[in-house]
Structures are given as structure tokens and as C-alpha cells.
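Engineer: this one's structure only:
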Ligand SMILES: Cc1cc2nc3c(=O)[nH]c(=O)nc-3n(C[C@H](O)[C@H](O)[C@H](O)COP(=O)(O)OP(=O)(O)OC[C@H]3O[C@@H](n4cnc5c(N)ncnc54)[C@H](O)[C@@H]3O)c2cc1C
């Protein structure tokens, strides 16, 4: 990255920019090369300035949250990775109307913190998210869901920073959500969201969370690195069932393998490279296509560039 660009980024987000920053530790997969620049803006104005600068310069730009649905390639990201800082982590009860309680959560609030907060306040509705290792922003962007619930079901209002650097308030009726997708205006970034929860008790919310976590840990692999489900579920059969029936459980490439416990998870113990995972994704897609004529579509987002081949 040119020195002049580095200096400008440092001026726009003082103390919040790192160069040639490894990305692997910022994702749950723990894979991939470095970013030319990692910027962690702590306010809307800082975020907006950085985005404007990168877009004007036509620099590749990627918004990373907890990195639990992202795989960076081994050559890293040749541009600017933006990760919202602690300034986007406000979490509060805004008000109530009878049993309906409005909670505001910044985009960088972790799902774990949100769930703990809702349990403490005795607010029910989002317990099914327990155990998802993302943030509010990432979960909304992906319309994360489990056990029949989706985060968008409880969404009331969304505040986004649009591509022109303006904060826009979108009400539920203006946001269309589908399976693992939220229809955001192009180039916009979620900065905070309001959810409507139902008043309950700490004990009841805790019990529901315990139930969902129990169900999650019986089907998901533990003690390994992953990005959760690799593929979206096709309409007819869950992706995991197709992968299992294609005889691919346990199949490996390099140090990455298809989980024995949940066939839609690709896992490793820290020694794989992103290239292993990508080859395994291709293999699974090709075997499932051959066997069932079904095209598995990745749910995870694959970003960045491959490592350059060593000069001979
Ligand atoms: C063990 C494990 C279990 C999982 N279980 C589930 C599950 O049950 N259900 C499920 O749906 N998912 C699951 N996931 C996948 C993942 O956790 C979710 O998709 C999660 O919501 C992603 O959030 P994140 O903060 O990590 O986002 P990231 O992975 O960092 O980003 C995901 C996408 O969202 C975009 N994004 C992030 N923040 C914003 C923002 N503020 N504004 C606009 N776009 C944004 C990013 O650019 C990227 O395109 C699981 C993952 C793991 C590792």
C-alpha cells in the first residue's frame, strides 16, 4: 500500500489503523492471509470518512464483524478491511409498551453479550441465537437463524450508514429478509438495530437458552475451528443430509475435513490453510452435483486473493 494512502488512513482514524495485519485471528476459521489495512473506526463520522476515502480511491473494501461466516484466502485481502470498534457496542432497553419491550443494540455487540443482557433483563424472543458466535451487525446482514427462528423476525428498526455517508432509519416494513439474507441498500452498513422482545423472567429466558444450547451442542462439532454451516440448505433437503448421503463425512483435503458430526461443517485443528477448505468446498459441490443434481450454494463469504505461487 502506498505511503500516502497509509498516512491518509492514519489521519482519518487516528490510532485505529493497522497495516499488513493478519486476518486469521479475526475469523472463527482462523485462516487466511493479511489485510493491506485494517481500520477499526470508533464513531459514525470516522467510519464514514474512511469509507468515503476508500471508495473515492476505488480501493477494495470489506466489512468484517466477528468473522464467523467469513473465509479469507491465503493471499489475504488487498485493500481495506473495516471492523466496527467499541463505539458501536451500546446495548440498552429503550422503552416498553405493555409486555413489548424495545431493545437497542449496536452493530458490534456480540450475540453472546446480547443473549446475556436479555437473560438478565428477562426479555424473551431471541434465545434461539444463543451459541451463534457473531455480532448483531453480522447476524442481521446474514439474517442468522436457528431452530425455526430468524433474527429479522424480531427486528423493529435498523439504522444504516448508506453509500452517501448518511445515516438512514429503516422500519421493519422497509426491510425485506429471506433465508440467510437481508436486503440492505447497496453499500450500506448496519450501525445499530432495535428489536421488540417480550417481557418474561430471567429464569424462563435462561431455561430456553439452556434448551437451545443443549440442542446445538448435540449436533455441532466442538473443539475445532469452523465457520458454521458452509452451504445454504437447498429447498428440498438440508445440505448436511445430502453431503452425508454422498458419503463425504470425514473426507479431507490437506488438514481440513468434513465434520463427522455435522456434514455441513468443514473443520480443522489450526493446521489447515484456506486453500484446503476451498478445494474441499469444490469437491463437496461436485460430488453432490454428480450424485443428486443439486447445486450447493456456499453460505460463507469467501474473500481475498490466493497466495502467489512461489517463483521457481
Ligand atoms: C460454530 C458456528 C455456529 C454457527 N451457527 C449458526 C447458526 O446456527 N445460524 C446461522 O445463521 N449462522 C450460524 N453461524 C454463522 C455465523 O455465526 C453467522 O452468520 C453470524 O451471524 C455472522 O456474524 P459475524 O458478526 O461473525 O459476521 P461476519 O462473519 O464478520 O460477516 C458476515 C457478513 O455480514 C456482513 N456484515 C457484518 N457486519 C455488518 C454490518 N454492520 N453491516 C452490514 N453488513 C455487515 C459482512 O460484510 C459479511 O458479508 C455459525 C458459525 C459458527 C462458527
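Structural biologist: Sure thing, it's come through. Given the structure is predicted, the values throughout are model-derived calculations rather than measurements.
Engineer: Up against the ligand, what does this protein have?
Structural biologist: 28, 63-70, 107, 132-135, 137-139, 141-142, 144-146, 189-190, 220, 226-228, 301 (C-beta under 6 Å from any ligand atom). In this view, the C-beta of every residue, glycine as well, is placed from N, C-alpha and C.
Engineer: hey, where'd the strands end up in the stretch 201-312 of the chain?
Structural biologist: 252-253, 256-258, 266-267, 301-303 (DSSP state E, counting those that start in this stretch).
Engineer: quick one, phi psi at whichever residue of the stretch 151-300 of the chain sits closest to the ligand?
Structural biologist: Proximity of the stretch 151-300 of the chain to the ligand (C-beta to the nearest ligand atom) peaks at residue 228, 2.4 Å away. Phi and psi for residue 228, reported as degrees, to the nearest 10, are phi 70, psi -150.
Engineer: quick one: it and residue 71 touch, right?
Structural biologist: No - using C-beta atoms under 8 Å, residue 228 is not in contact with residue 71, being 11.1 Å away.
Engineer: can you list residues touching both of these two?
Structural biologist: Common contact partners of residue 228 and residue 71 (C-beta atoms under 8 Å, 6 or more residues apart in numbering): residue 300.
Engineer: Which segments of this structure make up each domain?
Structural biologist: Following the assignment in automatic domain parsing, the chain carries domains at 3-83, 88-219, 220-312.
Engineer: what separates the last one from the chain centre, distance-wise?
Structural biologist: By that I understand domain 220-312. Mean-position distance between domain 220-312 and its chain equals 17 Å (C-alpha atoms, centre = their mean, to the nearest Å).
Engineer: ok, which stretches of the stretch 1-150 of the chain are strands?
Structural biologist: All strands of the stretch 1-150 of the chain, identified by DSSP E, counting those that start in this stretch, fall at 17-22, 34-39, 61-64, 70-72, 77-83, 91-97, 100-106, 123-124, 145-146, 149-150.
Engineer: Can you tell me which of those strands is packed in deepest?
Structural biologist: strand 70-72 (a mean of 25; mean count of other C-beta atoms under 10 Å).
Engineer: Tell me the helices and strands packed up against the longest strand along the chain.
Structural biologist: Looking across the chain with DSSP state E, the single longest strand is strand 189-199. Here strand 189-199 touches helix 44-56, strand 100-106, strand 123-124, helix 136-141, strand 155-161, going by 3 or more C-beta pairs under 8 Å, 6 or more residues apart in numbering; DSSP states H and E.
Engineer: hey, which of those is tucked in deepest?
Structural biologist: Of those, the one with the most neighbours on average (mean count of other C-beta under 10 Å) is helix 136-141, at a mean of 27.
Engineer: Any buried residues in stretch 114-130, and which?
Structural biologist: Under the neighbour-count criterion of 16 or more other C-beta atoms under 10 Å, stretch 114-130 has 114-115, 117-119, 121-130 buried.
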